[in-house]
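Engineer: Any chance you could fold what I've pasted below:
(2 chains)
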Amino acid sequence: MEDSEIIALFKEDKTKHYGFNLLVTKYQKKVYWLTRKMVVDHDDANDLTQNVFIKVWKNLDRFREDASLYTWIYRIASNECLNFIKKKKNVLFIPIYDLTKDLHAKLDSGSLIDGDEISIRLQKAIITLPDKQRLVFNMKYFDDLTYEEMSKVLGTSVGALKASYHHAVKKIEQHLKISLNQ
Amino acid sequence: MDKKIKHPFTTSDTYFEDLKENILAQTPGQLLDQYGKKNIYNVPENFFEEQYLQILNKKKSQERDLFPAFTAKRTLAWVSTGVMTVLLIIISYSYFGTKEINDILSKEGAIIQSDVTDMGDKLTTKAQKTDSVNVAPSQKKDTTKK
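Structural biologist: Numbers count the residues shown, from 1 in each chain, chains lettered A, B, ... in the order given. Below you'll find the predicted structure:
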């Protein structure tokens, strides 16, 4: 079903829940995988996904359809992820939490993670990227978003996104090189 | 360079040797292209089917939290906090108010007392002067007889 039809259903009181159900069904996997790749842990990703859709419920009435529903939901999801990571990193404004170390440990623990050695090494390399660069890399590499779509989601210029992605790939390659030589 | 790494679940005796050989044979970029998009994350069974209900439940509980007065425990908490606050305000006002009034009264009292004392002194002096002037003739010493 088209996004405009889903929005129309949502805006009618009688069909609001039906429209919301269709919307969740259409986008839940995309949102979940975006958040899961950012936070690694399934429960955290589930929590974030729920928060994203609650925000969608609260704000969809005010959605002006300037952007597509897809990029709007992606923007909410991206902000949720970045805020979540920021909160985890800074406890009482003190940066005492090593996120990279924690995410690596989660990858090693193997809870709901099923990959061979190389795939896990690659994920570990991706995790070492700065948060926003990681988000850019994931969107481009895993979700196949165009730079224009990413620009709408993240509010960053296409040029800056291209540079960010290029640097991300170089960093991952460098990290893998070191990791494989060990 | 073109060697493909076998899937880990079709393990052969030389799987790990092959794996190591393949890792070293390829550049990191090639590895990234070959393995990067493989999803290593799993989800619990029926997770996506059940997630819609989880979202609805969370939404309901958040909406309920917007009106905490409807829940008994929270109502009690709000009421007791309110009562404590009011008591604290009354105690503070009564304490500071009394103190202030006492201060004012003691200052005023001291001024009034000193005024009264001054006035008393003046009256005494005046009375003494008046007494010395208005002595009765019978009480006056007769100095002329001698």
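
Engineer: Show the backbone phi and psi for residue A:116.
Structural biologist: For residue A:116, the backbone dihedrals (degrees, to the nearest 10) come out as phi -80, psi 180.

Engineer: And residue A:67, by the same measure?
Structural biologist: Dihedral angles (degrees, to the nearest 10) for residue A:67: phi -100, psi 170.

Engineer: Residue A:41 now?
Structural biologist: Residue torsions, per degrees, to the nearest 10, at residue A:41 are phi -70, psi 130.

Engineer: and what of residue B:40?
Structural biologist: Torsion angles, degrees, to the nearest 10, at residue B:40: phi -100, psi -10.

Engineer: Could you check the pLDDT of the closest residue to chain B within chain A?
Structural biologist: When scored by C-beta to the nearest C-beta, chain A has residue A:115 as its residue closest to chain B, at 3.0 Å. Placement of C-beta: from N, CA and C, glycine included. pLDDT for residue A:115: 72.

Engineer: same thing with residue A:98?
Structural biologist: 75.

Engineer: Could you count how many residues lie near it?
Structural biologist: 11 (other C-beta atoms under 10 Å in any protein chain shown).

Engineer: same question, the one 5 residues further on
Structural biologist: A total of 21 residues lie near residue A:103 under the criterion other C-beta under 10 Å.

Engineer: what sits against it?
Structural biologist: A:39, A:40, A:127 (C-beta atoms under 8 Å, 6 or more residues apart in numbering or on different chains).

Engineer: same thing but at 6 Å, please
Structural biologist: Neighbour list for residue A:103: A:40, A:127 [criterion: C-beta atoms under 6 Å, 6 or more residues apart in numbering or on different chains].

Engineer: next structured bit after the helix or strand where it lies?
Structural biologist: Using DSSP states H and E, residue A:103 sits within helix A:99-109. Beyond helix A:99-109 on the C-terminal side, the first helix or strand identified by DSSP H and E is helix A:117-127.

Engineer: By neighbour count, which bits of that next one are buried? Give me those.
Structural biologist: Within helix A:117-127, the residues that qualify as buried by neighbour count (16 or more other C-beta atoms under 10 Å in any protein chain shown) are A:118, A:119, A:120, A:121, A:122, A:123, A:124, A:125, A:126, A:127.

Engineer: hang on, the earlier thing: now for the residue of chain A closest to chain B: which residues touch it?
Structural biologist: Here residue A:115 is in contact with residue B:40 (C-beta under 6 Å, 6+ apart).

Engineer: May I have the phi/psi pair for it?
Structural biologist: Dihedral pair for residue A:115: phi -150, psi 160, per degrees, to the nearest 10.

Engineer: Residue A:63 too?
Structural biologist: According to degrees, to the nearest 10, residue A:63 has phi -70, psi 120.

Engineer: Compute the number of surrounding residues for it.
Structural biologist: Neighbourhood size, residue A:63 [other C-beta under 10 Å]: 16.

Engineer: Pull out the buried residues from the helix holding residue A:103.
Structural biologist: A:99, A:102, A:103, A:104, A:106, A:107.

Engineer: Kindly report the same for stretch A:74-89.
Structural biologist: For stretch A:74-89, burial by neighbour count (16+ other C-beta under 10 Å) applies to A:74, A:75, A:76, A:77, A:78, A:80, A:81, A:82, A:84, A:85.

Engineer: With stretch A:38-49 instead?
Structural biologist: Those would be A:38, A:39, A:40, A:41, A:42, A:44, A:45, A:46, A:47, A:48, A:49, for stretch A:38-49 by 16+ other C-beta under 10 Å.

Engineer: Out of the residues you listed, which two sit at the greatest distance?
Structural biologist: A:40 and A:49 (14.0 Å; C-beta to C-beta).

Engineer: which SSE is residue A:77 in?
Structural biologist: Per DSSP H and E: helix A:69-89 holds residue A:77.

Engineer: Kindly export that helix (C-alpha atoms) in PDB.
Structural biologist: The C-alpha trace of helix A:69-89 is given here as PDB (Å, rounded to 0.1, in the frame of the first residue of the first chain):
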ATOM      1  CA  LEU A  69       7.200   9.000   5.000                       C
ATOM      2  CA  TYR A  70      10.200   6.600   4.700                       C
ATOM      3  CA  THR A  71      12.800   9.300   5.200                       C
ATOM      4  CA  TRP A  72      10.800  10.900   8.000                       C
ATOM      5  CA  ILE A  73      10.700   7.600   9.900                       C
ATOM      6  CA  TYR A  74      14.300   7.100   9.200                       C
ATOM      7  CA  ARG A  75      15.100  10.500  10.600                       C
ATOM      8  CA  ILE A  76      13.200   9.700  13.800                       C
ATOM      9  CA  ALA A  77      15.000   6.300  14.100                       C
ATOM     10  CA  SER A  78      18.500   7.900  13.400                       C
ATOM     11  CA  ASN A  79      17.900  10.500  16.100                       C
ATOM     12  CA  GLU A  80      16.700   7.900  18.600                       C
ATOM     13  CA  CYS A  81      19.800   5.800  18.000                       C
ATOM     14  CA  LEU A  82      22.200   8.700  18.300                       C
ATOM     15  CA  ASN A  83      20.500  10.000  21.400                       C
ATOM     16  CA  PHE A  84      20.500   6.500  23.000                       C
ATOM     17  CA  ILE A  85      24.200   6.100  22.400                       C
ATOM     18  CA  LYS A  86      24.900   9.700  23.600                       C
ATOM     19  CA  LYS A  87      23.000   9.000  26.800                       C
ATOM     20  CA  LYS A  88      24.800   5.700  27.400                       C
ATOM     21  CA  LYS A  89      28.200   7.300  26.800                       C
END
